[in-house]
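> take a look and give me a structure for this.
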Amino acid sequence: MRRVRSLIVALLFAPAMASLLSGCGEGAAPTIVPAKAPPAVPVEAAYLPPPSVTATRLEGANLVLIGAAPADARVRLATPEGETRFATANDKGVWTLVLPGAAQPRIFGLSATAGARQLQAEGYVLITPAGEAVLLRAGTGAARVGRTGKNGLDVVDFDREGGAVVSGRAPAGAALSIHIDGRQLAEGRADASGRYVVALTQQPLAGRMHQIDVFGDATENTVNIDATPAPPLASGPFRATSVPAGLRIDWMTPGGGAQSTIILK
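Purely as a prediction, here's the structure:
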């Protein structure tokens, strides 16, 4: 999906050459001293996984976030207004944070510091009033944390230009066919974990009501959604609206555009 304008505060959303030395006397041949090879970079130092939320649970009036990050990393969760909470991952890379419950959806930037490395999550963390965590990802489909089962249409994402992505669950490796208003517009396949994210590339999604059908091996899901473009976000970086299909979140992407995510019932 295309992006258009810049988002939320930065919530938060690092040879040697050989040396030529002269000899000790007139006419002496120069001595070439080979440079020392740079130290090998351990494979694990080349890539560190970004922090993520892996589960949530309600404890009375509080919500507990459980996540993953590099071992011993300092994890930071921040609101658009700059309120921050911190946690430290244990030696297994697991961290927890406790948030007070809220009646309205909330959005956070998630980052971590591991040694000298600064790591950003692969999207913004949305917390619904029911305590579900959803990773909002610019240009692709949102990921709902903790969704189970092998058959379900979870999220529809679209932008103002009609680029759209359909995300859900199906049996691992299942071939899928996506139909919009009775017309097949995309094909895809569930990955090894039974998740799929399929972009509708053949035709932009017009800004009106649409019926979306997902067909595949042991999979058949239908939903009706309103793809009307998001009005300007004048009062903040996101807006949450209850719609017949579920919960609609209009939000600003890091690239500057507006993206709409419908978290389906």
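> low-confidence regions, the stretch 51-200 of the chain specifically.
Residue ranges of the stretch 51-200 of the chain with pLDDT under 70: none are present.
> which stretches in it count as helices?
Read by DSSP state H, counting those that start in this stretch, the stretch 51-200 of the chain holds no helices at all.
> from the chain's centroid, how far away is stretch 71-84?
16 Å (C-alpha atoms, centre = their mean, to the nearest Å).
> neighbouring contacts of it?
The contact list for stretch 71-84 (C-beta atoms under 8 Å, 6 or more residues apart in numbering) reads 8-9, 11-13, 51, 65, 67, 69, 85-93, 95, 97, 106-114, 119, 125, 236-237. C-beta: built from backbone N, CA, C; applies to glycine.
> got the CA coordinates for stretch 175-192 in PDB?
Taking Å, rounded to 0.1, in the frame of the first residue of the first chain, the C-alpha atoms of stretch 175-192 are listed here in PDB:
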ATOM      1  CA  ALA A 175      -4.100 -22.200  -1.200                       C
ATOM      2  CA  LEU A 176      -6.500 -19.200  -1.000                       C
ATOM      3  CA  SER A 177      -8.700 -17.200  -3.500                       C
ATOM      4  CA  ILE A 178      -9.900 -13.700  -2.500                       C
ATOM      5  CA  HIS A 179     -13.100 -12.500  -4.100                       C
ATOM      6  CA  ILE A 180     -14.400  -8.900  -4.000                       C
ATOM      7  CA  ASP A 181     -18.100  -8.500  -4.800                       C
ATOM      8  CA  GLY A 182     -18.100 -11.900  -6.500                       C
ATOM      9  CA  ARG A 183     -15.000 -11.300  -8.600                       C
ATOM     10  CA  GLN A 184     -11.700 -13.000  -7.900                       C
ATOM     11  CA  LEU A 185      -9.000 -10.300  -7.400                       C
ATOM     12  CA  ALA A 186      -6.200 -12.200  -5.700                       C
ATOM     13  CA  GLU A 187      -4.700 -15.500  -4.700                       C
ATOM     14  CA  GLY A 188      -2.400 -16.400  -1.800                       C
ATOM     15  CA  ARG A 189      -1.300 -19.100   0.500                       C
ATOM     16  CA  ALA A 190      -1.200 -19.600   4.200                       C
ATOM     17  CA  ASP A 191       2.300 -19.900   5.700                       C
ATOM     18  CA  ALA A 192       3.600 -22.700   7.800                       C
END
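> identify each buried residue in it, please.
Residues of stretch 175-192 classed as buried: Leu176, Ile178, Ile180, Leu185, Ala186, Gly188, Ala190 (neighbour count, 16 or more other C-beta atoms under 10 Å).
> any idea how far it is from the chain center?
The answer for stretch 175-192 is 22 Å, by C-alpha atoms, centre = their mean.
> same question, stretch 202-212
With C-alpha atoms, centre = their mean, you get 23 Å for stretch 202-212.
> try stretch 175-195
Worked out by C-alpha atoms, centre = their mean, stretch 175-195 lies 20 Å from the chain centre.
> which of the contacts of stretch 71-84 count as buried?
Of those, these count as buried by 16+ other C-beta under 10 Å: 8, 11-13, 51, 65, 67, 69, 87, 89, 93, 95, 97, 106-114, 119, 125, 237.
> coming back round to it: just the buried residues of stretch 175-192 now: which is nearest Glu220?
Distances from Glu220 to these, taken as C-beta to C-beta, are shortest for Leu176 (10.4 Å).
> that closest one bridge partners, please.
Beta-bridge partners for Leu176, by DSSP bridges, are Gly188, Gly216.
> sorry, back to before: take the buried residues of stretch 175-192 and keep only those in strands.
Leu176, Ile178, Ile180, Leu185, Ala186, Gly188 (DSSP state E).
> do I have it right that the last one meets Val198?
Yes - counting by C-beta atoms under 8 Å, Gly188 touches Val198, with 3.5 Å between them.
> what is in contact with those two at once?
Leu176, Ile178.
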